[in-house]
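Undergrad: Take a look and give me a structure for this.
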Amino acid sequence: MTVAAVQAGVVQAVTGSVVRVDLQGDLSLGEIVHVGRARLLGEVIELAGQSATMQVYEDTSGLAVGAPVFATGRPLEVELGPGMLGGVFDGLQRPLVRLAEAEGDFLQQGHHVPAIDRERLWPFVPLLRKGDEVRGGAIVGTVRETTVIDHRILVPPEISGIVKEIAEAGPLRVADVAATIVDRHGVTHPVTLMQSWRVRRARPYAERLASGVPMLTGQRVLDTFFPLPRGGACGMPGGFGTGKTIMQQQLCQWADADIIVYVGCGERGNEMTEMLTRLPRLVDPRTGVPLAERTVLVANTSNMPVPAREASIYTGVTIAEYFRDMGYHVALLADSTSRWAEALRDISGRLGEIPAEEGYPPYLASRLASYYERAALVRTLGGAEGSVTLISAISPPGGDFTEPVTRHTQRFTQCFWTLDKTLAEARMFPAISLRESYSHMPHALVAWWVATTSPDWPSLRNDALTLLEDAARAEATARLVGVDSLPERQQWLLEMARLFEDGFLRQNALDPADGYCSPARQFTLLRLLLRVHRRGAAAIGRGATTRVLSQLPVLRHVAHAKTGIAEHAIEEAARLDTLVEAEFQAAETALAAPHG
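TA: All right, here's what the predicted structure looks like:
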């Protein structure tokens, strides 16, 4: 963003990141300003007569009363164009890698560089010709941004008309004109390889579509029991140590999305450092190249200015919508919206606003709603199909899921993946609570699973959930009277619950065979486990005991099937089916044999 030269006022008071200004010129609500001689970046958030209030996105140490404030005439925007993939930006889209090379490990006050490198050349390939009629969202041409992603240069949404000029194939910089369009009023509009967009305004689309496809994660407990529709929104609350960060890394690697946007919002520096160093080194299982080639990272740690943290999720979702408008399916992972809400609370308090629940501002719910509303599967202005799927980690203080951020998120999301501290302490990962999680699964999603796996999928899923729920009740009873006092059928339920935990619910993120599980293999494992359950229940009905059945060697094979049955050899499950029948039949035969 260029530095403005027009002075609009002087600083009257400084309260942390909130600055009050006596106006000497015109300012607009939401306008970006430069504050003080260091030209600190700020945004106008309140106008009252001849005074204005601004939130400053940088450290205000040293800012004095009487310092000048300069207007820019522009709102808070991000630059969208080739060069974002593989990049690491802060909440204001400042390129952290380039700034670190120039300044060191800590950002200096008032030092701003363009988010996208202006000098790098990109191999432009035109797709339009002179005389073509185009509308906003049309693809002017493409740039091969990485080895796996073509960056599609779009006509800005507000422009339509006739192509007057189109650049020839060859190298272009992001600020170079790729096409010139003349609208119906005769006004000429240059279209460059990059464009800008206000982060707090959703990008337009032609039509919102109903989703009939899940956003697959490769995690059995999520895909089978709590599937998330593509273009949907999901909350993932969990206390400290429940595995939110590892889950986010798994989703970055395995989520069924073309582009990954990861927003680290107010997390500790060491966690963010691990994410920034590990994630780019991960090998993309879809392409075999570094995952960074289809990833954008937005990093705002807890020691960075609070207003920039508040802006970070808007920066991330705007970048996601831009790639959606190209016709890509994008997954945005935010960690965490609790820290974002805390930033909102901090700013509200400094403004002297009347607090609501637990000190949060009254508009917390509406801000969350407007954010989650930007998740969608859409028909783009250019006619393609694209989506943004939002997955937000939530860090409720003390693990209290009744606090406002968690509770309001439940209102605006179709899916909730609740992480349970008790499961995490038992080394049960992913620590997804079957009781506290849910998914509002549309009929179209059920139809997709049936078409992809088997017509039996809905009944098997329901049977498995019923089994685990019945086992939980039996376990509660066992704590009171002891396992040996339970009827044999309930003892068998407990045995099967343990088998389900080992063979289906527990998944090792670091195991090459178990880190990802396809829908077909998920269905195969589910069917195998339920076959064992039903065969055992039948044997119990004929007089067998859980103590005898639990010793059958085939149960160990079933528990290890998640790693023993490979993705390319799912048919091996038939051998286990045969072995299950043979061993249970042998146990029944031994039971019926006369004892001499």
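
Undergrad: In the chain, where's the longest helix?
TA: Counting residues, the longest helix in the chain under DSSP state H turns out to be helix 457-481.

Undergrad: buried stuff in the following helix or strand past that one?
TA: Once helix 457-481 ends, the next helix or strand along the chain (criterion: DSSP states H and E) is helix 488-500. The neighbour-count check on helix 488-500 (16 or more other Cβ atoms under 10 Å) flags 488, 490-497, 499-500 as buried. Using the backbone N, CA and C atoms, a C-beta is placed for each residue, glycine as well.

Undergrad: Can you list the low-confidence ranges for the stretch 151-300 of the chain?
TA: Of all residues in the stretch 151-300 of the chain, none has pLDDT under 70.

Undergrad: ah, wrong one, I meant the chain
TA: Low-confidence segments of the chain (pLDDT under 70): 1-5, 594-596.

Undergrad: since we're on His189, how many residues are nearby?
TA: By other Cβ atoms under 10 Å, 17 other residues sit near His189.

Undergrad: what's the nearest residue to Asp258 if we skip its chain neighbours?
TA: In space, Asp258 comes closest to Tyr328 once its chain neighbours are excluded; the distance is 4.1 Å by Cβ to Cβ, 6 or more residues apart in numbering.

Undergrad: Repeat that for Arg345.
TA: Counting by Cβ to Cβ, 6+ apart, Arg345 lies nearest to Tyr360, which is 5.0 Å off, once chain neighbours are set aside.

Undergrad: quick one: the one you found and Ile347 touch, right?
TA: No: proximity of Tyr360 to Ile347 does not meet the contact threshold set by Cβ atoms under 8 Å, at 11.2 Å.

Undergrad: Tell me how many other residues surround Gly399.
TA: Using other Cβ under 10 Å, the number of residues around Gly399 comes to 17.

Undergrad: what are the bridge partners for the nearest residue to Glu145 once chain neighbours are set aside, then?
TA: Nearest in space to Glu145, with sequence neighbours left out and distances taken as Cβ to Cβ, 6+ apart, is His151 at 4.0 Å. Using DSSP bridges, the bridge partners assigned to His151 are Val143.

Undergrad: Could I get the contacting residues of His151?
TA: Applying Cβ atoms under 8 Å, 6 or more residues apart in numbering to His151 gives the contacts 81-82, 85, 122, 142-145, 326.

Undergrad: Using CSV, please lay out those residues together with neighbour count and distance to Leu555.
TA: Listed next are these as CSV, based on neighbours: other Cβ atoms under 10 Å; distance: Cβ to Cβ, whole Å:
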residue, neighbour count, distance to Leu555
Gly81, 23, 57
Pro82, 25, 55
Leu85, 19, 47
Trp122, 23, 58
Thr142, 18, 54
Val143, 21, 55
Arg144, 14, 52
Glu145, 20, 50
Met326, 22, 50
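
Undergrad: Widest-spaced pair of the residues you listed?
TA: Maximum pairwise distance among the contacts of His151 (Cβ to Cβ): 14.8 Å, between Trp122 and Met326.

Undergrad: Now Gly352, what are its backbone angles?
TA: phi 80, psi 20 (degrees, to the nearest 10).

Undergrad: Would you mind confirming that Met441 is in contact with Pro227?
TA: Yes: using Cβ under 8 Å, Met441 is in contact with Pro227, at 6.0 Å.

Undergrad: Surely Pro237 touches Pro396?
TA: Yes: between Pro237 and Pro396 there is a contact under Cβ under 8 Å: 5.6 Å.

Undergrad: got any residues that touch both of those two?
TA: Residues touching both Pro237 and Pro396 (Cβ under 8 Å, 6+ apart) are Thr406.

Undergrad: more crowded one of these two?
TA: Per other Cβ under 10 Å, whichever of Pro237 and Pro396 has more neighbours is Pro237, with 30 against 19.

Undergrad: For Ser336, see how far away the more buried one is.
TA: 9 Å (Cβ to Cβ, to the nearest Å).

Undergrad: I appreciate the help and will end here.
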